[in-house]
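S.K.: Make a model of this:
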Amino acid sequence: MQLDGIEGRVAFVTGGARGIGRCVAETLRELGAQVAACDLEAPALEGVLGLEADVTSEAAVDAAVTAVEESRKATRDYLKEEGERP
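M.R.: Numbers count the residues shown, from 1 in each chain. So this is what the prediction gives:
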């Protein structure tokens, strides 16, 4: 698979502990993105910043985004996998 322009970019994936979200996080990492993934339980993926966050909580999402910005220096690409942000 090829995704032009993803290498070196920061991707924030919700629902990243399992299912489609996990596959998306792994694929983006394999394509060279700096990946952060969150879920109700922090995803444990090699080379991925795993964060615990309930995406139905605005405060939890804000805290996760801040953690990504601080550790990865930027947040650029968002893929909403599950839940609704208020």
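S.K.: Any stretches of this structure with poor pLDDT?
M.R.: Filtered on pLDDT under 70, the chain yields the residue ranges 1-2, 73-86.
S.K.: Quick one: the helices in it, in order.
M.R.: Assigned by DSSP state H, the chain shows helices spanning 19-30, 58-72.
S.K.: Can you list the buried residues in the shortest one?
M.R.: The one in question is helix 19-30. For helix 19-30, burial by neighbour count (16 or more other C-beta atoms under 10 Å) applies to 21-22, 24-29. Where you see a C-beta, it was placed from the backbone N, CA and C, and this is true even at glycine.
S.K.: Export those residues to TSV and append columns for distance to Gly8.
M.R.: Converted to TSV, these look like this (distance: C-beta to C-beta, whole Å):
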residue	distance to Gly8
Gly21	21
Arg22	22
Val24	18
Ala25	16
Glu26	17
Thr27	16
Leu28	11
Arg29	12
